[in-house]
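Participant: Here is a sequence with its predicted model. Questions after.
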Amino acid sequence: MSYSDKTYSEKRDFIRMTISVPLNAKLSAAGGVIEGECRNLSGGGMLVITSENLPVGTELDAEVSSGHGHSPTFRARMRVARNVPQDSGDYELGLETLNMLD
């Protein structure tokens with residue numbers, strides 16, 4: 001089956017893992033720190049919920065750990081690709097992975 005024959009939901013380059021773990025991130029430009037919850041994670045990015053209203057294009061260094069103390073911690077330079085305000089007053093951010101950090 002070729003790529004164009006796949007159904008839309010199968011066209012992603014990376015599989016998404018549904019998770020619910022704390023997110024800590026340092027803003028690249030301003031140096032501030034934000035916290036939130038990572039809802040899903042893939043090789044191409046992550047979906048997070050946060051109280052911070054970050055503009056599309058904002059870069060940050062994100063860190064996500066398992067919550068159970070397992071290693072390694074996921075660390076990556078990310079860029080806000082999508083920002084959707086939620087009824088709760090929080091923001092759903094789609095973050096694109098730019099590169100992995102050590």
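Facilitator: Happy to help now that I have it.

Participant: Helix or strand: which one has the one residue sitting closest to the centre of the chain?
Facilitator: Residue closest to the average C-alpha location in the chain (C-alpha atoms, centre = their mean): residue 46, at 2.6 Å. Using DSSP states H and E, residue 46 sits in strand 45-50.

Participant: following that strand, which helix or strand comes up?
Facilitator: Counting by DSSP H and E, the next helix or strand C-terminal to strand 45-50 is strand 59-64.

Participant: ok, that following strand: who's next to it in the sheet?
Facilitator: Its sheet considered, strand 59-64 pairs with strand 17-27 (antiparallel), strand 74-85 (antiparallel) by DSSP bridges.

Participant: Identify all contacting residues around it.
Facilitator: Contacts to strand 59-64, defined as C-beta atoms under 8 Å, 6 or more residues apart in numbering, come from residues 19, 21-29, 34, 38, 41, 46, 48, 54, 73-80, 95, 98, 101. (C-beta placed from N, C-alpha, C; glycine too.)

Participant: how much space between the spatially closest residue to residue 33 that is not a sequence neighbour and residue 35?
Facilitator: Nearest in space to residue 33, with sequence neighbours left out and distances taken as C-beta to C-beta, 6 or more residues apart in numbering, is residue 26 at 5.5 Å. Going from residue 26 to residue 35 by C-beta to C-beta, to the nearest Å gives 11 Å.

Participant: One more: residue 62?
Facilitator: Plainly put, residue 62 is 11 Å away from residue 35 if you go by C-beta to C-beta.

Participant: Over to residue 60?
Facilitator: 12 Å.
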